[in-house]
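> based on what follows, work out the 3D shape:
(one chain, ligands or ions: 1)
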Amino acid sequence: MADVKPVLIAGAGIASLLLAQSLRRSNIPFKIFERDASFVFRAQGYRLRLSSEGLDAIQAVLDDETWQRFWDACGKTGGLGFASFNAVTGERTEHHLLPPALVSRQGEGKTIGISRGDMRRIFAQGCEDNIEWAKQVTGYELTADGVRAIFADGTRSIEGSLLVGGEGIYSKVAKQLSGGKLKVYDTGARGIHGQAPSTAFKGLGEGVFRLRDDTRPDGAVFIITNVRPGEMDDPNVSFGWTMGGHPGVIRAPNDDYTIVGKTAADMAKSLTQNWHPRFRPLFDDMNESEAAFWKITCSTPSGVPEWPNEPRVTVIGDAVHSMTPAGGIGANTAVRDSALLGRLLREAGGCSPGVTAIYEKEMRVYASEAVRESYSIAVKQFGVSIDEETSLAV
Ligand SMILES: Cc1cc2nc3c(=O)[nH]c(=O)nc-3n(C[C@H](O)[C@H](O)[C@H](O)COP(=O)(O)OP(=O)(O)OC[C@H]3O[C@@H](n4cnc5c(N)ncnc54)[C@H](O)[C@@H]3O)c2cc1C
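Numbering: from 1, shown residues only. Presented below is the predicted three-dimensional model:
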């Protein structure tokens with residue numbers, strides 16, 4: 001007999017909110033606890049490219065109307081496809097078709113993408129009343145018949161039937177559940193997100209672009225950006241770019257990667273000062289206040305470890321398998337977790353013995369494959385290297 005106490009969810013990120021949509025449709029009660037005081041869309045403007053598998057998972061969860069809203073909000077970029085340029089000379093270095101995993105159905109060779117902020121906003125619709133803001137989950141306690149989340153201020157949540165840790169790479173639920181086996185490593189590589197008005201991207205045309213500078217003695221710097229049709233001629237629209245660099249090339253003052261704004265913008269400008277004039281407007285015209293540093297992290301590259309299953313606690317998304325942005329598969333894997341766990345809970349009518357064990361067994365297979373793939377691309381692209389015994393965990 002399934003438990004009618006609510007499913008407790010830590011974090012209101014992509015994975016958690018999609019799980020919430022699934023529970024809502026299955027009439028399974030739930031509560032989400034989010035650390036932030038509200039949806040903060042600042043510095044979240046980076047776009048997620050969605051694969052067929054990711055889109056399938058999302059469509060399987062959402063009702064038709066919400067799916068349509070989501071699909072309409074996705075950009076569909078064709079143009080040059082996925083093209084690489086030498087950032088300094090401006091020459092095309094590779095012109096290849098999109099990686100098979102990122103050629104999404106219904107898009108016929110187009111890249112399907114959406115900003116993380118828009119994705120959260122759409123996934124949250126209809127679930128807003130079940131979100132408690134400014135609740136930082138620091139762990140949990142099992143009760144005779146359920147589980148409670150523990151918050152940073154020492155208070156406890158109501159009793160739930162299940163706790164799902166979906167609170168991203170610093171998940172305390174993941175650490176407690178796995179007895180420290182779930183680890184996230186600091187690769188040493190850093191990045192900067194930036195935004196500029198669409199007019200700055202005129203020189204590129206439509207497409208998904210990788211611009212790479214291999215001329216620096218301390219390592220490569222590159223950006224990825226997506227110039228979408230329809231919006232590229234609207235000067236009121238801003239496009240984002242994501243910059244990455246080999247370890248040591250991008251450094252935030254005092255290694256403080258929470259810094260946003262001019263400091264990050266100035267660093268991006270300085271790193272790209274010798275780039276080809278065709279690409280310079282992306283940096284010269286950037287909206288400085290939106291620039292933000294980020295740290296490139298990765299879960300255990302050999303795959304999701306085993307831990308003794310706890311029927312009343314499990315983990316989804318980056319909390320259990322964070323990846324570098326290489327390969328663009330982190331969110332695509334996270335939404336698969338939400339669809340899978342949501343389906344198992346629906347089939348069981350709520351939290352029942354065995355649900356989390358089945359979920360974890362299946363998730364470990366595809367998530368381990370995804371982490372390994374993303375890591376191996378990052379080794380080539382970002383020059384990172386993780387030693388599971390000695391590298392620094394975050
Ligand atoms: C630059 C960049 C580009 C990327 N590009 C792609 C891409 O193209 N395709 C792709 O598939 N993936 C991409 N990814 C990866 C993708 O962003 C993540 O995999 C995805 O956001 C994970 O979702 P999540 O819900 O697990 O975690 P998150 O989205 O990180 O959400 C976690 C939530 O938990 C909250 N939280 C944190 N701690 C606590 C706490 N203690 N208590 C309560 N709440 C808490 C956070 O505020 C947040 O709301 C990219 C990542 C980056 C950084």
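> what is the mean pLDDT for the longest helix anywhere in the chain?
Longest helix of the chain, by residue count under DSSP state H: helix 355-382. Helix 355-382 shows a mean pLDDT of 95.
> repeat that for stretch 233-244.
89.
> one more: stretch 124-140?
pLDDT averaged over stretch 124-140 gives 97.
> got a list of contacts for that stretch?
Stretch 124-140 has contacts (C-beta atoms under 8 Å, 6 or more residues apart in numbering) with 10-12, 17, 20-21, 24, 30-39, 66, 69, 147-153, 157, 163, 165, 167, 172-173, 176, 313. (C-beta placed from N, C-alpha, C; glycine too.)
> near the ligand, anything from that stretch?
Yes. Interface with the ligand: stretch 124-140 contributes Gln136, Val137 (C-beta under 6 Å from any ligand atom).
> endpoint to endpoint, that stretch covers what distance?
End-to-end distance for stretch 124-140, by C-alpha to C-alpha, to the nearest Å: 24 Å.
> PyMOL command for the buried members of the contacts of stretch 124-140?
A single PyMOL command selects the buried members of those (16 or more other C-beta atoms under 10 Å):
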select buried, resi 10+11+12+17+20+21+24+30+31+32+33+34+35+66+147+148+149+150+151+157+163+165+167+172+173+176+313
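> out of the contacts of stretch 124-140, which touch the ligand?
Ala10, Gly11, Ala12, Phe33, Glu34, Arg35, Asp36, Glu167, Lys172.
> for the residue nearest the centre of the chain, give me the pLDDT.
For the chain, the residue sitting closest to the mean C-alpha position, by C-alpha atoms, centre = their mean, is Ala331 at 4.5 Å. On the pLDDT scale, Ala331 is placed at 96.
> ok, now which ones touch it?
By C-beta under 8 Å, 6+ apart, Ala331 lies in contact with Ile14, Leu48, Leu50, Gly54, Arg116, Met119.
> next: Ala367.
Gly303, Val304, Val320, His321, Thr333, Asp337.
> if I look at the first one, how far off is Gly330?
Okay, so that is Gly303. From Gly303 over to Gly330 the distance is 15 Å, taken as C-beta to C-beta, to the nearest Å.
> neighbour count: these two, which is higher?
When neighbours are counted by other C-beta atoms under 10 Å, Gly330 comes out ahead of the other of Gly303 and Gly330, with 26 against 17.
> now the more buried one. Nearest residue, chain neighbours left out?
Met323 (4.5 Å; C-beta to C-beta, 6 or more residues apart in numbering).
> again with Tyr170
Spatial nearest neighbour of Tyr170, chain neighbours left out: Val394 (6.8 Å); criterion: C-beta to C-beta, 6+ apart.
> next: Lys5.
Nearest residue to Lys5 in three dimensions, chain neighbours excluded: Ser161, at 4.1 Å (C-beta to C-beta, 6+ apart).
> and the one you found, how many neighbours?
24.
> try Pro217
Residues lying near Pro217 (other C-beta under 10 Å) number 5.
> the helix or strand containing Ile9 - contacts with which helices or strands?
Ile9 is part of strand 7-10 when elements are defined by DSSP states H and E. If you count contacts as 3 or more C-beta pairs under 8 Å, 6 or more residues apart in numbering; DSSP states H and E, strand 7-10 packs onto helix 14-25, strand 30-33, strand 147-151, strand 162-165.
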